[in-house]
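Chemist: how does the following fold in three dimensions:
(2 chains)
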Amino acid sequence: MARRRRFWPYLRAGLLTLALLAAGYTLYLDFRVRHEFEGRRFALPARIYAAPLELHVGLKVPEDDVVRELRELGYRPTARADGSGWYLRNGAELEIALRPFVFWDGPQPARRLRVAFEAGAVTALSDAQGGELALARLEPLPIGGIYPTNNEDRLLVRLSDVPKTLVKELIAVEDRNFYSHWGFDPRGIARAVLSLGSGHVQGGSTLTQQLVKNFFLSPERTIRRKLTELVMAVLLELHYSKQEILETYLNEIYLGQDRDRAIHGVGLAAQFYFDKPVGKLSLAESALLVGLVRGPAYYDPYRHPRRALERRNLVLRETRDEGFISAAQYQAARATGLGLNPRPSTGTTPYPAFVDLVHRQLRHDYDEADLRSEGLRIFTTLDPRAQAAAEHALADRLAAFDRQGRFGKPGLEGAVVMADPQSGEVQALVGGRDPRYQGFNRALDAERQIGSLFKPAIYLTALEDPSRYTLATLLDDSKFVWQPPNSEPWRPENYDKQYHGQVPLYLALAHSYNVAAARLGTTLGLERVIATARKLGIGRELPSYPSTLLGAANLSPFEITQMYQTIASGGFRSPLHAIRDVTTMDGRPLKRYPLAVAQVFPPDPMYLLTAALQDVVREGTAQSLSNWLPPLGVAGKTGTTNEQRDAWFAGFSGGRVAVVWVGYDDNRPARLLGATAALPVWGEMMAALVPEPVAFPQPEDIEQVTIDPQSGLRADAACPGALALPFVKGSAPQERAPCAGNPVVDNVKGFFQRLLGQ
Amino acid sequence: MRLLFLLATLLAGCATAPPEAPSPLPPAPAAGAAPAVPAVPAAPSAPSAPAANPAVERLMASARADQAASRLGSAEATIERALRIAPHDARLWQQLARIRLQQGQYAQAESLAARSNTWAGGDNALRAENWKLIAQARDARGDDAGARAAQRNAERYGR
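Modeler: Next up, the predicted model:
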């Protein structure tokens, strides 16, 4: 008795403590539930879009390319009387039912278009009633996102947008007493236990418990965790309505995997599996999604279509058994196929290299956390056609090298950057031979010797002084030794190990003679040439060694593209950029990235340099480009480095500037020339895009004078191989070449010949 | 003979002034010089007289309306959109230069007006206007000498 009496108070105190602890823990859980549920907003990835295709009369675009873009946007090739998102091809005419889309400059409603094509260009554009349209913008292609950790992706939906049948199916299969229980369901647990092994589908957890589990808890399976889950589920039910819980559940639930991207919520799942908004799902389609709740991998309809179909039909049957749908509805739905969206999966992005660039440029202006959670919409400069051309050209050429069998393993790699010379907008970026691989981004991060790509900086420095240098100025390509103070002498050599004597400047560049360029560069002064390179857009410090003149510096393809953008635009540097606009999730503009231009060189020397770079293609190291393109339409420069470790080509047409690099990642000699490895990629890619020819109106201070290339002096009809070169007025040689005759007579003769059309 | 030559030079001068060859290397080898180089087709939206593209005209008008209403951000975006369609249209570069001037971005305004000049071809009125813009931009930045030089150019082309 005494012992008992003594025992009771302890027990009571113990129980009281326990109750207090339990209450405290419950209060803590209650705080967590309310705090996190309310404070919780789903993290929404930033969505990234390509540049939209703008249709207008005169646009050079083959009908096939437009159709390809529509297909990639998920447009279907059949008319649907009600909706949008389809196209019809009638010969050379295309009818398009555009979906509505919220652009950075406002919403664009759904509309019908008729587009006529002829010879690879748009010849007419009208609305459905035949009214002429000046301009029509297709919606931009989504090309990826910047995802929350775990790469969770979702499209938020409101409960009112979700079909009632989907909710009924979910409840029939996952939680029949959802509307009547308080967060947990003893009947459901009992049923789950009873039906073990019977092939039934019901699990023991309510939707509320599942939500708690996904939301707050780690996946371990312990009694304590189960109890916590139960308490939290009850608390959740106390604080929130069934509707709120259901809506959150529908947005949270994990429903599939697209490579590295996790598909969450019925909104995104509807788009991913069926390419539809969730509200348009049929009974059978929503049953498939509901069936996935239990095991998105196990029931993956792409990999296990049979299993997925059986599971779907089970969901339909249970829904019928609950009396939510009629027998006739059940039979009809059961009879349909899976109806999956055939689009191949792309993971977080099909263009990882470009998205990497977008991400880096966004980091200047945005918090990483905001990028991964605020659902920002990023409108970029990517030109999907240019990107496709670049990817194919690089992959094809590298595959051809693989077939030759002499390049070993790991094989050759490559990178491509393409931009609009007028604006600096990056149109395409390929970071390696497998453009889908999210790894080392060679376009941005491969820092390689640039070789002869540097030479335009030397020649431009010279051409800035027309009193001393013209395209016809003879340069000395004889043996050259440079003895810097306190260091080893430098003896540049030509690629062919020969010396070429006196060579006109334009030819020295065309044939990429190292010795002439090195001598010219040291004569001009290393610092002046490096300053020119800086003005052209090479941002980093270049070492002040003479070998810099021949491209010993390591630069990325992206940096070289900046340099050639300035050249291609005639001396107007525009920072290369990948973003045009950023808006909030609902379309409110946040930031524009306006076109920025800085004139860093006057037109005259730029015109001369461009002429010389056209000569590289016409008669120099890039002559083989004529296999792909008419030689006068393009300008560019080949580059090959020591022991042929790097093969480069940098060049431009009227509308595009592009740089191609090919080499090994480990920097071993590749035994490839710029002209044989990088140039073909460039040519093939440009040819696929039907480029405009280089367009650079002749400045007022420039005149054309016919020159004898042997002597660099004035020529006339009597001179073999004479050619017209541009000169800053007054800078052309006055002296006449030995082959030329009397000036006045010839000029007049020439005038009459022209007059008579001879 | 001498007179005839002068006349010829003058005529040639008239025909080409202001010159607007589409590309740095026009196919003008000396008579008899070989190999002859095929002609470069002029860029379709070549300088001075861009083919009237209804899309470009519409965007220009829309940008002008935005400018008048001081919606400069919108005007800028619209002109950039037009430039993607017709990057060689000197009028668009000029309009963008004017927008930048209104925005107080004088360095940009000056570079853009210079860009317009490179595509201006024979349109001297447009060039004069560009030099006026450059003069205003330099003036606003306190570059008096530069502004005066630009103003002289404006007058030269304005004649």
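Chemist: contact partners for the spatially closest residue to residue A:289 that is not a sequence neighbour?
Modeler: In this structure, residue A:289 finds its nearest non-sequential neighbour in residue A:269, 5.2 Å apart by Cβ to Cβ, 6 or more residues apart in numbering or on different chains. Glycine gets a C-beta too; all of them are placed from N, C-alpha and C. By Cβ atoms under 8 Å, 6 or more residues apart in numbering or on different chains, residue A:269 lies in contact with A:255-256, A:263, A:278, A:289, A:292.
Chemist: for chain B, what's the nearest residue on the stretch 251-400 of chain A?
Modeler: Nearest residue of the stretch 251-400 of chain A to chain B: residue A:381, at 9.7 Å (Cβ to the nearest Cβ).
Chemist: that residue reaches residue A:428, doesn't it?
Modeler: No - under the criterion of Cβ atoms under 8 Å, residue A:381 makes no contact with residue A:428, lying 9.6 Å away.
Chemist: when the two are compared, which one has more neighbours?
Modeler: Higher neighbour count among residue A:381 and residue A:428: residue A:428, with 28 against 25, using other Cβ atoms under 10 Å in any protein chain shown.
Chemist: and the pLDDT at residue 25?
Modeler: The chain I'm using is chain A. Looking at residue A:25, its pLDDT stands at 86.
Chemist: wait, chain B was what I had in mind.
Modeler: 49.
Chemist: now do residue A:201
Modeler: 47.
Chemist: so for the helix or strand that residue A:15 is a member of, what gets flagged as buried?
Modeler: Assigning secondary structure by DSSP states H and E places residue A:15 in helix A:2-39. Neighbour counts over helix A:2-39 (16 or more other Cβ atoms under 10 Å in any protein chain shown) mark A:29-30, A:33, A:37 as buried.
Chemist: residue contacts, residue A:699?
Modeler: Residue A:699 neighbours (Cβ under 8 Å, 6+ apart): A:603-604, A:607, B:19, B:118.
Chemist: secondary structure class for it?
Modeler: Following DSSP: H, G, I helix; E, B strand; the rest coil, we place residue A:699 in the coil state.
Chemist: look up phi and psi at it.
Modeler: Main-chain dihedrals, residue A:699, degrees, to the nearest 10: phi -60, psi 160.
Chemist: same question for residue A:86.
Modeler: phi -140, psi 170.
Chemist: quote the end-to-end distance of stretch A:437-445.
Modeler: End-to-end span of stretch A:437-445 (Cα to Cα, to the nearest Å): 15 Å.
Chemist: helices along chain B, start to end?
Modeler: B:2-16, B:54-68, B:72-85, B:90-103, B:106-118, B:124-140, B:144-158 (DSSP state H).
Chemist: residue A:493 is nearest to which of these?
Modeler: Closest to residue A:493 of the helices of chain B, according to Cβ to Cβ: helix B:106-118, at 38.9 Å.
Chemist: in the stretch 501-650 of chain A, what residue is nearest chain B?
Modeler: residue A:611 (3.4 Å).
Chemist: mind checking how far the one helix or strand that residue maps to is from the chain centre?
Modeler: Assigned by DSSP H and E, residue A:611 belongs to helix A:603-619. Remark: helix A:603-619 is offset 31 Å from the chain centroid, using Cα atoms, centre = their mean, to the nearest Å.
Chemist: check which element follows that helix along the chain.
Modeler: Next element after helix A:603-619 (DSSP H and E): strand A:635-640.
Chemist: helices or strands up against that next one?
Modeler: helix A:603-619, strand A:646-652 (3 or more Cβ pairs under 8 Å, 6 or more residues apart in numbering or on different chains; DSSP states H and E).
Chemist: what about the helix or strand that the shortest one is followed by, average pLDDT?
Modeler: Okay, so that is strand A:646-652. Using DSSP H and E, the helix or strand that follows strand A:646-652 in sequence is strand A:657-663. Here strand A:657-663 scores 97 as its mean pLDDT.
Chemist: strand partners of strand A:657-663, parallel vs antiparallel please.
Modeler: Applying DSSP bridges, strand A:657-663 is found paired with strand A:413-419 (antiparallel), strand A:646-652 (antiparallel).
Chemist: what would those look like in TSV with mean pLDDT and distance to residue A:342?
Modeler: As requested, those are exported to TSV (pLDDT from 0 to 100; distance: least, Cβ to Cβ, whole Å):
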stretch	mean pLDDT	distance to residue A:342
strand A:413-419	97	29
strand A:646-652	96	38
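Chemist: which one of these lies closest to residue A:171?
Modeler: strand A:413-419 (52.6 Å).
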